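# Sequence and predicted model, in that order:
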Amino acid sequence: MTTKVRLSPPVITPEDRKCVCAALECTKIVDGPAVGEFERAVAARLGGEGVALISGTAALHLALVAVGVGPSDLVAMPSLTFVAPAHVARYVGADPLLFDSEPNYRQLDADGLIAWLQEECESDGKIAIHTATRRRIGAIVSVDLLGHPCDIGLLADVARGMGIPVVEDAAQGFGATLRGRPVGAHADVTCLSFNANKIVTSGGGGMLLSKKAAVVERVRHLANQAKQDGPNYIHDEVGFNYRLPSAQAALGLAQFGRFDQILEEKARMAAFYEDALADIPGLTMPRRSPEATVSNWLFTVDVDPELFGHTAHGLMSLLAERHEVETRPIFTPLHMCGAYRGLQAGECPVAESLAATGLSLPSSVDISDEDLECVCEGIRSEAAGA
Ligand SMILES: *Cc1c(COP(=O)(O)O)cnc(C)c1O
(Lines give C-alpha, C1' and ligand atoms only; values in the text may rest on other atoms or scores of the structure.)
Protein backbone atom coordinates (compact mmCIF):
# COMPACT_ATOMS: atom_id res chain seq x y z
CA MET A 1 0.00 0.00 0.00
CA THR A 2 1.32 3.45 -0.82
CA THR A 3 1.17 6.44 1.50
CA LYS A 4 0.40 9.80 -0.03
CA VAL A 5 0.64 11.91 3.13
CA ARG A 6 3.11 10.69 5.73
CA LEU A 7 2.93 11.52 9.42
CA SER A 8 6.05 13.60 9.86
CA PRO A 9 8.82 13.16 7.28
CA PRO A 10 11.91 15.32 7.85
CA VAL A 11 12.61 18.31 5.63
CA ILE A 12 16.26 18.54 4.54
CA THR A 13 17.04 21.57 2.37
CA PRO A 14 19.91 22.03 -0.13
CA GLU A 15 21.44 24.48 2.36
CA ASP A 16 21.30 21.78 5.09
CA ARG A 17 23.16 19.39 2.79
CA LYS A 18 25.84 22.00 2.09
CA CYS A 19 26.45 22.48 5.81
CA VAL A 20 26.80 18.72 6.33
CA CYS A 21 29.30 18.46 3.46
CA ALA A 22 31.29 21.38 4.83
CA ALA A 23 31.51 19.67 8.22
CA LEU A 24 32.76 16.47 6.55
CA GLU A 25 35.40 18.39 4.61
CA CYS A 26 36.75 19.79 7.86
CA THR A 27 39.67 17.76 9.26
CA LYS A 28 37.87 17.44 12.58
CA ILE A 29 34.80 15.33 11.87
CA VAL A 30 34.53 14.66 15.59
CA ASP A 31 34.54 17.69 17.89
CA GLY A 32 34.63 20.02 14.88
CA PRO A 33 33.47 23.63 15.20
CA ALA A 34 29.83 22.80 14.34
CA VAL A 35 29.38 20.95 17.64
CA GLY A 36 30.23 23.92 19.86
CA GLU A 37 28.31 26.31 17.60
CA PHE A 38 25.22 24.13 17.80
CA GLU A 39 25.51 23.90 21.59
CA ARG A 40 25.90 27.65 22.00
CA ALA A 41 23.06 28.47 19.59
CA VAL A 42 20.53 26.23 21.37
CA ALA A 43 21.73 27.33 24.82
CA ALA A 44 21.26 30.98 23.83
CA ARG A 45 17.60 30.18 23.23
CA LEU A 46 16.86 27.95 26.24
CA GLY A 47 19.34 29.24 28.80
CA GLY A 48 22.12 27.42 30.60
CA GLU A 49 24.87 25.54 28.81
CA GLY A 50 24.36 22.76 26.25
CA VAL A 51 26.08 19.45 25.58
CA ALA A 52 25.34 17.90 22.17
CA LEU A 53 24.83 14.14 22.39
CA ILE A 54 24.14 11.20 20.11
CA SER A 55 20.41 11.01 20.96
CA GLY A 56 17.69 12.41 23.17
CA THR A 57 17.71 9.09 25.02
CA ALA A 58 21.44 9.51 25.70
CA ALA A 59 20.71 13.01 27.04
CA LEU A 60 18.06 11.63 29.41
CA HIS A 61 20.40 8.82 30.49
CA LEU A 62 23.24 11.18 31.35
CA ALA A 63 20.77 13.56 33.01
CA LEU A 64 19.81 10.83 35.47
CA VAL A 65 23.45 9.86 36.06
CA ALA A 66 24.46 13.49 36.57
CA VAL A 67 21.73 14.29 39.10
CA GLY A 68 22.67 11.16 41.03
CA VAL A 69 19.89 8.66 40.35
CA GLY A 70 21.09 5.17 41.28
CA PRO A 71 20.11 1.55 41.91
CA SER A 72 16.69 0.95 43.52
CA ASP A 73 15.68 4.62 43.29
CA LEU A 74 12.24 5.57 41.98
CA VAL A 75 11.95 8.04 39.09
CA ALA A 76 8.54 9.72 38.89
CA MET A 77 7.22 10.39 35.36
CA PRO A 78 3.98 10.41 33.38
CA SER A 79 2.63 7.06 32.18
CA LEU A 80 1.49 8.72 28.95
CA THR A 81 4.81 9.44 27.27
CA PHE A 82 7.22 8.16 24.69
CA VAL A 83 9.10 5.36 26.44
CA ALA A 84 12.60 6.88 26.65
CA PRO A 85 12.35 8.30 30.23
CA ALA A 86 11.37 4.85 31.54
CA HIS A 87 14.17 3.09 29.65
CA VAL A 88 16.81 5.43 31.09
CA ALA A 89 15.53 4.92 34.64
CA ARG A 90 16.26 1.22 34.12
CA TYR A 91 19.70 1.98 32.60
CA VAL A 92 20.77 3.37 36.00
CA GLY A 93 19.15 0.54 37.97
CA ALA A 94 16.15 2.60 39.10
CA ASP A 95 12.45 1.94 38.46
CA PRO A 96 10.04 4.32 36.78
CA LEU A 97 7.01 5.24 38.89
CA LEU A 98 4.19 6.24 36.59
CA PHE A 99 1.63 9.00 37.17
CA ASP A 100 -1.62 10.01 35.52
CA SER A 101 -2.16 12.94 33.15
CA GLU A 102 -4.43 15.97 33.41
CA PRO A 103 -7.22 16.02 30.82
CA ASN A 104 -6.93 19.56 29.45
CA TYR A 105 -3.50 19.64 27.87
CA ARG A 106 -2.59 15.92 28.13
CA GLN A 107 0.38 16.66 30.39
CA LEU A 108 1.63 15.01 33.59
CA ASP A 109 -0.85 15.61 36.43
CA ALA A 110 1.56 17.80 38.38
CA ASP A 111 -0.99 18.44 41.18
CA GLY A 112 -1.51 14.71 41.62
CA LEU A 113 2.22 14.14 41.82
CA ILE A 114 2.59 17.00 44.35
CA ALA A 115 -0.14 15.43 46.52
CA TRP A 116 1.59 12.03 46.32
CA LEU A 117 4.94 13.55 47.31
CA GLN A 118 3.38 15.36 50.26
CA GLU A 119 1.23 12.46 51.47
CA GLU A 120 3.25 9.35 50.65
CA CYS A 121 6.83 10.55 50.98
CA GLU A 122 9.06 12.07 53.65
CA SER A 123 12.10 14.29 53.28
CA ASP A 124 14.77 15.99 55.39
CA GLY A 125 15.12 18.60 52.65
CA LYS A 126 18.02 16.71 51.06
CA ILE A 127 16.69 13.22 50.36
CA ALA A 128 13.09 12.17 49.71
CA ILE A 129 11.95 8.68 50.67
CA HIS A 130 8.76 6.88 49.70
CA THR A 131 7.51 6.05 53.20
CA ALA A 132 5.88 2.69 52.46
CA THR A 133 8.78 1.12 50.51
CA ARG A 134 11.70 3.14 51.96
CA ARG A 135 12.87 3.74 48.41
CA ARG A 136 14.47 7.07 47.46
CA ILE A 137 12.84 9.37 44.91
CA GLY A 138 15.86 9.84 42.65
CA ALA A 139 14.32 12.34 40.23
CA ILE A 140 11.18 13.57 38.54
CA VAL A 141 11.11 13.52 34.73
CA SER A 142 8.42 15.76 33.23
CA VAL A 143 7.58 15.53 29.53
CA ASP A 144 6.20 18.26 27.25
CA LEU A 145 3.88 15.85 25.50
CA LEU A 146 3.04 16.47 21.84
CA GLY A 147 4.56 19.94 21.99
CA HIS A 148 2.50 21.54 24.77
CA PRO A 149 4.58 22.62 27.76
CA CYS A 150 4.02 20.71 31.00
CA ASP A 151 3.49 23.28 33.77
CA ILE A 152 5.92 22.15 36.47
CA GLY A 153 6.29 25.54 38.15
CA LEU A 154 4.76 24.47 41.49
CA LEU A 155 5.97 20.88 41.23
CA ALA A 156 9.57 22.04 40.78
CA ASP A 157 9.28 24.23 43.92
CA VAL A 158 7.96 21.30 45.97
CA ALA A 159 10.60 18.96 44.54
CA ARG A 160 13.39 21.42 45.30
CA GLY A 161 12.18 21.71 48.90
CA MET A 162 12.35 17.93 49.22
CA GLY A 163 15.75 17.52 47.54
CA ILE A 164 14.41 15.88 44.37
CA PRO A 165 16.07 16.89 41.07
CA VAL A 166 13.76 17.71 38.15
CA VAL A 167 14.60 16.72 34.58
CA GLU A 168 12.45 18.08 31.74
CA ASP A 169 12.15 15.95 28.62
CA ALA A 170 11.48 18.71 26.09
CA ALA A 171 12.05 16.46 23.05
CA GLN A 172 8.57 17.28 21.76
CA GLY A 173 8.21 20.72 23.32
CA PHE A 174 11.31 22.42 21.90
CA GLY A 175 10.07 25.86 20.81
CA ALA A 176 7.13 25.99 23.22
CA THR A 177 6.90 28.61 25.97
CA LEU A 178 5.06 28.95 29.27
CA ARG A 179 4.37 32.36 30.79
CA GLY A 180 6.79 33.84 28.27
CA ARG A 181 9.68 31.55 29.18
CA PRO A 182 10.99 28.69 27.02
CA VAL A 183 10.50 25.07 28.12
CA GLY A 184 13.05 23.96 30.65
CA ALA A 185 12.87 27.16 32.73
CA HIS A 186 11.89 25.30 35.92
CA ALA A 187 14.00 22.17 35.52
CA ASP A 188 17.49 21.39 36.79
CA VAL A 189 18.28 19.65 33.50
CA THR A 190 16.51 19.88 30.13
CA CYS A 191 16.81 17.26 27.39
CA LEU A 192 16.14 17.67 23.67
CA SER A 193 15.99 15.22 20.78
CA PHE A 194 16.98 15.88 17.16
CA ASN A 195 15.66 12.56 15.92
CA ALA A 196 14.36 12.44 12.34
CA ASN A 197 10.75 13.21 13.25
CA LYS A 198 11.47 15.98 15.73
CA ILE A 199 10.99 19.72 15.18
CA VAL A 200 14.67 20.24 14.46
CA THR A 201 16.56 17.20 13.23
CA SER A 202 20.25 16.40 13.05
CA GLY A 203 19.40 13.05 11.49
CA GLY A 204 19.68 11.65 15.00
CA GLY A 205 20.98 13.44 18.06
CA GLY A 206 20.09 15.19 21.26
CA MET A 207 21.22 17.82 23.70
CA LEU A 208 21.36 18.21 27.45
CA LEU A 209 21.11 21.71 28.91
CA SER A 210 21.64 22.91 32.45
CA LYS A 211 22.47 26.06 34.36
CA LYS A 212 24.47 23.94 36.80
CA ALA A 213 28.11 24.03 35.76
CA ALA A 214 28.90 20.83 37.70
CA VAL A 215 26.19 18.91 35.82
CA VAL A 216 27.37 20.17 32.42
CA GLU A 217 31.00 19.36 33.17
CA ARG A 218 30.16 15.84 34.40
CA VAL A 219 27.98 15.14 31.36
CA ARG A 220 30.72 16.25 28.96
CA HIS A 221 33.14 13.97 30.75
CA LEU A 222 30.80 10.96 30.82
CA ALA A 223 29.82 11.38 27.16
CA ASN A 224 33.46 11.10 26.13
CA GLN A 225 34.23 7.74 27.81
CA ALA A 226 35.05 9.47 31.12
CA LYS A 227 38.48 10.09 29.67
CA GLN A 228 40.78 12.22 31.79
CA ASP A 229 43.13 14.68 30.11
CA GLY A 230 46.26 13.41 28.48
CA PRO A 231 47.21 10.61 26.11
CA ASN A 232 47.35 7.81 28.66
CA TYR A 233 43.83 6.45 28.44
CA ILE A 234 42.98 6.99 32.07
CA HIS A 235 39.23 6.75 32.72
CA ASP A 236 38.15 7.69 36.22
CA GLU A 237 34.61 6.23 36.09
CA VAL A 238 32.23 4.32 33.85
CA GLY A 239 31.84 6.43 30.71
CA PHE A 240 29.82 6.41 27.51
CA ASN A 241 30.47 7.09 23.83
CA TYR A 242 27.62 9.57 23.49
CA ARG A 243 29.15 12.53 21.61
CA LEU A 244 27.38 13.97 18.58
CA PRO A 245 29.51 13.74 15.37
CA SER A 246 30.23 17.05 13.64
CA ALA A 247 28.25 16.34 10.46
CA GLN A 248 25.13 15.73 12.51
CA ALA A 249 25.76 18.84 14.59
CA ALA A 250 26.12 20.79 11.33
CA LEU A 251 22.74 19.54 10.14
CA GLY A 252 21.12 20.41 13.47
CA LEU A 253 22.73 23.86 13.44
CA ALA A 254 21.55 24.54 9.89
CA GLN A 255 18.00 23.52 10.81
CA PHE A 256 18.09 25.50 14.03
CA GLY A 257 19.09 28.56 11.98
CA ARG A 258 15.52 28.64 10.66
CA PHE A 259 13.84 27.53 13.88
CA ASP A 260 11.39 30.44 14.03
CA GLN A 261 10.36 29.82 10.44
CA ILE A 262 9.85 26.14 11.27
CA LEU A 263 7.65 27.06 14.24
CA GLU A 264 5.64 29.43 12.04
CA GLU A 265 5.10 26.70 9.46
CA LYS A 266 3.95 24.36 12.21
CA ALA A 267 1.53 27.00 13.50
CA ARG A 268 0.16 27.45 9.97
CA MET A 269 -0.39 23.69 9.74
CA ALA A 270 -2.25 23.70 13.08
CA ALA A 271 -4.41 26.67 12.07
CA PHE A 272 -5.36 24.94 8.82
CA TYR A 273 -6.53 21.83 10.66
CA GLU A 274 -8.44 23.88 13.22
CA ASP A 275 -10.26 25.82 10.50
CA ALA A 276 -11.09 22.73 8.50
CA LEU A 277 -11.97 20.22 11.25
CA ALA A 278 -13.39 22.12 14.24
CA ASP A 279 -17.02 21.75 13.14
CA ILE A 280 -16.96 17.96 12.69
CA PRO A 281 -19.10 16.34 15.43
CA GLY A 282 -17.05 14.03 17.62
CA LEU A 283 -13.67 15.62 16.88
CA THR A 284 -12.06 17.80 19.55
CA MET A 285 -9.21 20.10 18.62
CA PRO A 286 -6.14 20.20 20.91
CA ARG A 287 -6.52 22.68 23.77
CA ARG A 288 -3.84 25.17 24.66
CA SER A 289 -3.19 26.80 28.00
CA PRO A 290 -3.72 30.57 27.69
CA GLU A 291 -0.30 30.88 29.35
CA ALA A 292 1.46 28.76 26.74
CA THR A 293 2.67 28.79 23.19
CA VAL A 294 3.10 25.35 21.64
CA SER A 295 5.55 23.76 19.22
CA ASN A 296 2.80 21.86 17.33
CA TRP A 297 5.11 18.87 17.13
CA LEU A 298 2.24 16.57 16.16
CA PHE A 299 -1.24 18.02 15.71
CA THR A 300 -3.42 15.64 17.73
CA VAL A 301 -7.21 15.54 17.83
CA ASP A 302 -9.51 13.53 20.12
CA VAL A 303 -12.03 11.23 18.47
CA ASP A 304 -15.28 10.51 20.33
CA PRO A 305 -16.45 7.16 18.89
CA GLU A 306 -20.12 7.78 19.73
CA LEU A 307 -20.34 11.11 17.96
CA PHE A 308 -17.78 10.57 15.22
CA GLY A 309 -18.82 7.04 14.33
CA HIS A 310 -15.34 5.44 14.59
CA THR A 311 -12.73 5.08 17.29
CA ALA A 312 -9.38 6.82 16.86
CA HIS A 313 -7.82 3.49 15.90
CA GLY A 314 -10.66 2.78 13.47
CA LEU A 315 -10.21 6.17 11.84
CA MET A 316 -6.46 5.57 11.59
CA SER A 317 -7.07 2.34 9.62
CA LEU A 318 -9.65 3.97 7.34
CA LEU A 319 -7.38 6.91 6.59
CA ALA A 320 -4.54 4.53 5.71
CA GLU A 321 -6.62 2.15 3.59
CA ARG A 322 -8.93 4.51 1.76
CA HIS A 323 -7.06 7.80 1.68
CA GLU A 324 -3.34 6.88 1.85
CA VAL A 325 -2.95 9.13 4.86
CA GLU A 326 -0.66 8.11 7.73
CA THR A 327 -1.83 8.98 11.24
CA ARG A 328 -1.01 7.46 14.60
CA PRO A 329 -2.42 7.15 18.09
CA ILE A 330 -0.79 8.76 21.12
CA PHE A 331 1.63 6.49 22.97
CA THR A 332 0.20 3.53 24.88
CA PRO A 333 0.44 4.43 28.60
CA LEU A 334 3.51 2.66 29.94
CA HIS A 335 1.66 1.04 32.86
CA MET A 336 -0.63 -0.86 30.47
CA CYS A 337 1.82 -3.11 28.64
CA GLY A 338 5.32 -4.31 28.03
CA ALA A 339 8.34 -3.75 30.23
CA TYR A 340 6.67 -1.15 32.48
CA ARG A 341 3.31 -2.79 33.07
CA GLY A 342 1.95 -2.27 36.57
CA LEU A 343 4.46 0.39 37.65
CA GLN A 344 1.85 3.11 38.20
CA ALA A 345 1.68 4.90 41.58
CA GLY A 346 -2.13 4.89 41.39
CA GLU A 347 -4.89 4.56 38.85
CA CYS A 348 -4.29 6.42 35.56
CA PRO A 349 -7.80 6.80 34.09
CA VAL A 350 -7.04 10.07 32.29
CA ALA A 351 -3.93 8.70 30.56
CA GLU A 352 -5.90 5.64 29.45
CA SER A 353 -8.75 7.72 28.09
CA LEU A 354 -6.44 10.18 26.29
CA ALA A 355 -4.57 7.27 24.71
CA ALA A 356 -7.83 5.75 23.50
CA THR A 357 -9.17 8.92 21.86
CA GLY A 358 -6.06 10.71 20.60
CA LEU A 359 -5.01 10.64 16.95
CA SER A 360 -2.01 12.53 15.58
CA LEU A 361 -2.41 13.90 12.05
CA PRO A 362 0.32 14.50 9.44
CA SER A 363 2.35 17.42 10.78
CA SER A 364 5.48 17.78 8.71
CA VAL A 365 7.06 21.24 8.55
CA ASP A 366 6.57 21.54 4.80
CA ILE A 367 3.18 19.84 4.49
CA SER A 368 1.39 21.46 1.54
CA ASP A 369 -2.13 22.91 1.59
CA GLU A 370 -3.02 20.19 -0.90
CA ASP A 371 -1.90 17.45 1.51
CA LEU A 372 -3.64 19.15 4.44
CA GLU A 373 -6.79 19.29 2.33
CA CYS A 374 -6.42 15.60 1.51
CA VAL A 375 -6.18 14.69 5.23
CA CYS A 376 -9.20 16.86 6.13
CA GLU A 377 -11.29 15.51 3.24
CA GLY A 378 -10.45 11.97 4.31
CA ILE A 379 -11.53 12.62 7.88
CA ARG A 380 -14.67 14.45 6.80
CA SER A 381 -15.71 11.62 4.50
CA GLU A 382 -15.36 9.04 7.31
CA ALA A 383 -17.34 11.07 9.86
CA ALA A 384 -20.76 9.84 10.91
CA GLY A 385 -23.43 11.27 8.65
CA ALA A 386 -20.97 12.05 5.84
C1 LIG B 1 11.94 11.45 20.68
C2 LIG B 1 11.80 11.43 22.14
C3 LIG B 1 12.83 10.98 22.97
C4 LIG B 1 14.04 10.25 22.48
O5 LIG B 1 14.83 10.90 21.63
P6 LIG B 1 15.82 10.09 20.65
O7 LIG B 1 16.64 11.19 20.09
O8 LIG B 1 14.98 9.40 19.65
O9 LIG B 1 16.61 9.15 21.50
C10 LIG B 1 12.68 11.09 24.33
N11 LIG B 1 11.56 11.58 24.86
C12 LIG B 1 10.54 12.00 24.11
C13 LIG B 1 9.33 12.56 24.79
C14 LIG B 1 10.61 11.92 22.73
O15 LIG B 1 9.58 12.31 22.00
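That came through fine.

# Am I right that residue 114 sits in a helix?
Yes: judged by DSSP: H, G, I helix; E, B strand; the rest coil, residue 114 forms part of a helix.

# The closest residue to it other than its chain neighbours: neighbour count?
In space, and not counting its chain neighbours, residue 114 is closest to residue 158: 5.2 Å by CB to CB, 6 or more residues apart in numbering. Every residue, glycine included, has its C-beta placed from N, CA and C. The tally of other residues near residue 158 (other CB atoms under 10 Å) stands at 20.

# Show me the strands in the stretch 101-250 of the chain, by range?
Using DSSP state E, counting those that start in this stretch, the strands of the stretch 101-250 of the chain run over residues 121-123, 128-130, 135-143, 166-169, 177-178, 181-182, 189-193, 206-210.

# How far off centre is stretch 352-370?
Offset of stretch 352-370 from its chain centre (CA atoms, centre = their mean, to the nearest Å): 16 Å.

# meant to ask about stretch 370-386, not that
On CA atoms, centre = their mean, the centre of stretch 370-386 falls 29 Å from the chain's centre.

# What residues of that stretch count as buried?
371-372, 374-376, 378-379, 382-383 (16 or more other CB atoms under 10 Å).

# need these in CSV with distance to the ligand, can you?
Listed next are these as CSV, based on distance: CB to the nearest ligand atom, whole Å:
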residue, distance to the ligand
371, 23
372, 23
374, 26
375, 22
376, 25
378, 26
379, 24
382, 28
383, 29
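
# before we move on, back to that, quick check, the residue nearest to residue 114 in contact with residue 117.
Yes: counting by CB atoms under 8 Å, residue 158 touches residue 117, with 6.0 Å between them.

# Check the burial of residue 112 by counting its neighbours.
Neighbours around residue 112, by other CB under 10 Å: 18.

# I should have written residue 31 there, sorry.
Residue 31: 14 neighbours (other CB under 10 Å).

# what about it, is that helix, strand or coil?
Classification of residue 31 by three-state DSSP places it in coil.

# so it touches residue 249, yeah?
No: the criterion here is CB under 8 Å, and residue 31 misses it with residue 249 at 9.5 Å.

# So which of the buried residues of stretch 370-386 belong to strands?
Residues of the buried residues of stretch 370-386 located in strands (DSSP state E): none.

# Would you convert the residues you listed into TSV that also reports pLDDT?
Shown next, in TSV, are the buried residues of stretch 370-386 (pLDDT from 0 to 100):
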residue	pLDDT
371	98
372	98
374	97
375	98
376	98
378	98
379	98
382	97
383	95
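
# Relative to the ligand, which residue of this structure is the closest?
residue 56 (2.6 Å; CB to the nearest ligand atom).

# mind checking pLDDT for the residue nearest to residue 114?
Note for residue 158: predicted pLDDT of 98.

# for the stretch 1-150 of the chain, which spans come out with low pLDDT?
Low-confidence segments of the stretch 1-150 of the chain, defined by pLDDT under 70: 1.

# Spell out which residues belonging to it are near the ligand, please.
Residues of the stretch 1-150 of the chain found near the ligand (CB under 6 Å from any ligand atom) are 55-57, 81-82, 84, 143.

# which one of those residues is nearest residue 132?
Here the nearest of those to residue 132, counting by CB to CB, is residue 81; it sits at 24.4 Å.

# Against residue 340, how distant is the closest one?
Note on residue 81: its distance to residue 340, by CB to CB, to the nearest Å, is 10 Å.

# Look up the residues that both of those two are in contact with.
Common contacts of residue 81 and residue 340, defined by CB atoms under 8 Å, 6 or more residues apart in numbering, comprise residue 334.

# Between the two, which is the more surrounded one?
Neighbours were counted for residue 81 and for residue 340 using other CB under 10 Å; residue 81 has more, 28 against 22.

# Tell me where the longest helix sits in this structure.
Ranked by number of residues, the top helix in the chain under DSSP state H is helix 259-277.

# buried ones in it?
259, 262-263, 265-266, 269-270, 272-273, 276-277.

# same thing with stretch 118-130?
For stretch 118-130, burial by neighbour count (16+ other CB under 10 Å) applies to 121, 123, 128-130.

# gap between the two ends of that stretch?
10 Å (CA to CA, to the nearest Å).

# And the helices in the chain?
Under DSSP H, the chain gives helices at 14-25, 33-46, 56-66, 84-91, 110-120, 153-162, 213-223, 246-256, 259-277, 305-308, 312-323, 349-357, 369-382.

# As a markdown table, these with distance to residue 189 would be great.
Listed next are the helices of the chain as a markdown table, based on distance: least, CB to CB, whole Å:
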| stretch | distance to residue 189 |
| --- | --- |
| helix 14-25 | 27 |
| helix 33-46 | 11 |
| helix 56-66 | 4 |
| helix 84-91 | 12 |
| helix 110-120 | 17 |
| helix 153-162 | 12 |
| helix 213-223 | 6 |
| helix 246-256 | 19 |
| helix 259-277 | 21 |
| helix 305-308 | 40 |
| helix 312-323 | 33 |
| helix 349-357 | 24 |
| helix 369-382 | 37 |
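
# Ok, which of these comes nearest residue 331?
Once those are compared by CB to CB, helix 349-357 is nearest, at 6.9 Å.

# Hey, what's the angle from the closest one to helix 312-323? Just curious.
20 degrees (axes from the mean of the first three to the mean of the last three CA atoms, to 10 degrees).

# Good, wrapping up.
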